[in-house]
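K.L.:
Compute the structure for the input listed below.
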Amino acid sequence: MNRRSSSSRSGGGASDSFRRRSDVPRKRNNDKGGGEAAADVSFIVGTCSSMCPERERDTRERLRDLSVFERLYGNPTKSSTDLAVKKFCRTLSAADVQASDVRPLPVLEETLRYLLSLLDSREHPFEVVHDFIFDRTRSIRQDLSIQNLANERVIHLYEEIVKFHVISRQRLQSCSGASISSMHHLNMEQLAKTLTTLYNIYDVNRKPDYIYENEAEFRSLYVLLHLNTSSGVMGEPLSLWFRKLTSNLIKSKEMCFVRNLLRSYRNGNYKSFLRTTASEATYMQYCISEPHIREMRSFAVECINNVCYKLQPYPLLRLSQNLMMKEMDVESLCQECGLEIRTDSDGCIVLPTKQANFCSPKEGFKNYDLIGIEIEKLL
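P.N.:
The predicted structure is shown next:
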């Protein structure tokens, strides 16, 4: 059975980000190409020894332009070298950039460690935490681009920034508010750009028959982001993308996992999709797969409602086993799909089939646990 196209847009919003090379390392004498830094900024070696250049910190203190994470004792006009972090600047020119404004690699590594330590902060809502880290990691990428840094230490920085965007993708789904949709869109856009740059740095540093320690897992995220061709995440078709991978990458367990998942998804084999995810997914892969898990469960409920015999209602216990969900969660999912649940003469909860009012749950509907996967062990 061919997997039918879903109306879900849970992965959407990245525009043509995978085709852009936003902050890809360039040759030193090449003036062409855009990026997090403007094209007319020459490559320099940064000398800033703190997370934020002193003149920027002074200016932002004067303008009261300090994040809640940067305020010394909560004072909106005072910060310190331990709190202030350089903001992302959308436009730069050669006249604007001085070596003292650019952080060298060791300082960028220290800055990223500090930013990621805030990720589990409980003092502020996650959207506030995300907004701060989101902007400051863009600034890190900008400083890397200005200096044309692309070694193995830079690979690690980009991998950590990708992890941040992946985790944010999952956590933002449980946030509410008028700005969440925009934040999700922008997060997906920057996830796509950061992955694009990371892949290019892998290629720039490629050694014969060599795969970087985490490369296969990070490559697999591209496949998961493109399972649903209507997701809105643009880029090369997977058939073309796979051809560019080395044989060692294709044979890696991470890539075998996503290829099996892709096959199950496109064949509509929801049992295989869910079981494979539960038994083999890494934490990042699971985070990216969550919207597809919801989609496949909705698809399974639709199939059972349409195909099963009307005079034999489907036991909810069996459905919960097939969907790897708690029975009470299955009941909630069916209700989200517009279906009624009943109790039969034996006291068992069942799903009457052939109901005409099935509807796919709207974007942003509730996440349900996947039985068989232990998130704590994946972290």
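K.L.:
Low-confidence bits of the stretch 201-350 of the chain, can you list those?
P.N.:
Residue ranges of the stretch 201-350 of the chain with pLDDT under 70: 231-234.
K.L.:
Show me where the protein has its strands.
P.N.:
314-315, 342-343, 349-351 (DSSP state E).
K.L.:
For residue 208, which of those is the nearest?
P.N.:
Of all those, strand 314-315 sits nearest to residue 208, with 54.8 Å by CB to CB. In this view, the C-beta of every residue, glycine as well, is placed from N, C-alpha and C.
K.L.:
on contacts alone, who are the packing partners of the closest one?
P.N.:
Here strand 314-315 touches strand 349-351, going by 3 or more CB pairs under 8 Å, 6 or more residues apart in numbering; DSSP states H and E.
K.L.:
which other helices and strands contact the strand it packs on?
P.N.:
Under the contact definition 3+ CB pairs under 8 Å, 6+ apart, strand 349-351 sits against helix 283-307, strand 314-315, helix 316-322, helix 327-336, strand 342-343.
K.L.:
If we use 6 Å, what do you get?
P.N.:
With contacts defined as 3 or more CB pairs under 6 Å, 6 or more residues apart in numbering; DSSP states H and E, strand 349-351 has no helix or strand neighbours.
K.L.:
partners of that strand in the sheet?
P.N.:
Taking DSSP bridges as the criterion, strand 349-351 forms sheet pairs with strand 314-315 (antiparallel), strand 342-343 (antiparallel).
K.L.:
gap between that strand and the chain center?
P.N.:
Centre-to-centre, strand 349-351 and its host chain are 36 Å apart (CA atoms, centre = their mean, to the nearest Å).
K.L.:
Can you give me the buried ones in that strand?
P.N.:
By neighbour count with 16 or more other CB atoms under 10 Å, strand 349-351 contains the buried residues 349, 350, 351.
K.L.:
can you put those in a markdown table and add distance to residue 80?
P.N.:
Formatted as a markdown table, these follow (distance: CB to CB, whole Å):
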| residue | distance to residue 80 |
| --- | --- |
| 349 | 59 |
| 350 | 63 |
| 351 | 59 |
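K.L.:
quick one: which of those is nearest to residue 308?
P.N.:
Of all these, the one with the least separation from residue 308 (CB to CB) is residue 351, at 8.5 Å.
K.L.:
Out of the strands paired with strand 349-351, which one sits most buried?
P.N.:
Highest mean neighbour count among the strands paired with strand 349-351 (mean count of other CB atoms under 10 Å): strand 314-315, with a mean of 18.
K.L.:
ok now it, how far from the chain's centre?
P.N.:
Centroid displacement of strand 314-315 relative to its chain, using CA atoms, centre = their mean, is 36 Å.
K.L.:
Would you mind listing the outside residues contacting that strand?
P.N.:
With contacts defined as CB atoms under 6 Å, 6 or more residues apart in numbering, strand 314-315 is touched by 304, 308, 348, 350, 351, 353.
K.L.:
Just the closest of those to residue 101, please.
P.N.:
Distance to residue 101, by CB to CB, is smallest for residue 304 among the contacts of strand 314-315, at 60.4 Å.
K.L.:
ok, the residue positioned nearest the centre of the chain - contacts?
P.N.:
Centroid check for the chain by CA atoms, centre = their mean gives residue 166 as the closest residue, at 2.7 Å. Contacts for residue 166 (CB under 6 Å, 6+ apart) come out as 284, 287.
K.L.:
Setting aside sequence neighbours, what's the nearest residue to residue 361?
P.N.:
Closest residue to residue 361 apart from its sequence neighbours, by CB to CB, 6 or more residues apart in numbering: residue 336 at 4.4 Å.
K.L.:
ok, now residue 101?
P.N.:
residue 53 (4.5 Å).
K.L.:
The one you found reaches residue 103, doesn't it?
P.N.:
No: using CB atoms under 6 Å, residue 53 is not in contact with residue 103; the gap is 8.1 Å.
K.L.:
who has more neighbours, those two?
P.N.:
Shown here are residue 53 and residue 103; by other CB atoms under 10 Å, residue 103 has more neighbours (28 against 20).
K.L.:
Pull the number of nearby residues for the nearest residue to residue 354 once chain neighbours are set aside.
P.N.:
Nearest residue to residue 354, sequence neighbours excluded (CB to CB, 6+ apart): residue 310, at 4.3 Å. Other residues within reach of residue 310, judged by other CB under 10 Å, total 9.
K.L.:
What backbone torsions are found at residue 310?
P.N.:
The phi/psi pair for residue 310 (degrees, to the nearest 10) reads phi -60, psi -40.
K.L.:
mind listing the helices for the protein?
P.N.:
54-62, 105-117, 126-146, 152-172, 180-204, 215-225, 238-243, 247-251, 253-267, 270-280, 283-307, 316-322, 327-336, 375-378 (DSSP state H).
K.L.:
which residues touch the second one?
P.N.:
The contact list for helix 105-117 (CB under 6 Å, 6+ apart) reads 51, 133, 136, 140, 143, 149, 157, 160.
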